[in-house]
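Student: with the sequence up front, the predicted model follows.
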Amino acid sequence: MNLQMGMAMGQDPEILHEVCSWISKAATKPVWAKLSPNVTDITIPAKASFDAGCQGVAAINTIQVTQGVRAGCQGRVSGRGSHQHYPGG
C-alpha cells in the first residue's frame, strides 16, 4: 500500500471500513485499526472500524518517552524530561 492509499484510508471511513472488513474476515487473531489524527471527528473512523469487525482501535500516533518514571509520578523526573519518541507503528 502506498502512502497516498494509507492517508486516504485513514481519512475516508468508507475505505477504512472496506479494508478493515477484508482483514477482519481473514484474520485469525484480533484486529485493531490504527486511526489517523488527521480527521476532525475521530469517532467516525472508529465506528467504521468496529462496524467492520475490528476488536479495537489505536487512537494515538506518537507518545513521548520519559525514562525512569514510577507509576503515579507526575511531571519531570529529577528536573529532566525526554524528547525521545515511541512511534505508534
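Tutor: Cool, the structure landed.

Student: residue boundaries of the helices in the protein?
Tutor: 3-11, 13-26, 43-51 (DSSP state H).

Student: need the contact list for S24.
Tutor: Going by C-beta atoms under 8 Å, 6 or more residues apart in numbering, S24 touches V31, A52, G53, C54. For every residue, glycine as well, the C-beta is placed using N, CA and C.

Student: same question but for V39, I mixed them up
Tutor: Here V39 is in contact with G10, Q11, P45 (C-beta under 8 Å, 6+ apart).

Student: look up the closest residue to the first one, ignoring the ones flanking it.
Tutor: Of all residues beyond its chain neighbours, the one nearest G10 is S36 (3.0 Å), with distances taken as C-beta to C-beta, 6 or more residues apart in numbering.

Student: next one: A58
Tutor: Per C-beta to C-beta, 6+ apart, closest to A58 is K34, 4.6 Å.

Student: low-confidence bits of the chain, can you list those?
Tutor: 1-7, 61-89 (pLDDT under 70).

Student: please redo it, this time with the cut-off set to 80
Tutor: Scanning the chain with the threshold set as pLDDT under 80 gives 1-10, 38, 60-89.

Student: quick one: buried ones out of the contacts of S24?
Tutor: V31, A52, G53, C54 (16 or more other C-beta atoms under 10 Å).

Student: do you know how far D51 is from P45?
Tutor: Using C-beta to C-beta, to the nearest Å, one obtains 10 Å as the distance from D51 to P45.

Student: picking up where we left off before, now the helices of the chain as CSV including distance to A59?
Tutor: Formatted as CSV, these follow (distance: least, C-beta to C-beta, whole Å):
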stretch, distance to A59
helix 3-11, 11
helix 13-26, 13
helix 43-51, 7
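
Student: you'd agree G10 is up against C20?
Tutor: No: using C-beta atoms under 8 Å, G10 is not in contact with C20, being 11.4 Å away.

Student: so those two - more neighbours on which side?
Tutor: C20 (25 against 18; other C-beta atoms under 10 Å).

Student: tell me the phi and psi of the spatially closest residue to that one that is not a sequence neighbour?
Tutor: Of all residues not flanking C20 in the chain, A52 sits nearest, at 3.6 Å (C-beta to C-beta, 6+ apart). For A52, the backbone dihedrals (degrees, to the nearest 10) come out as phi -90, psi 0.
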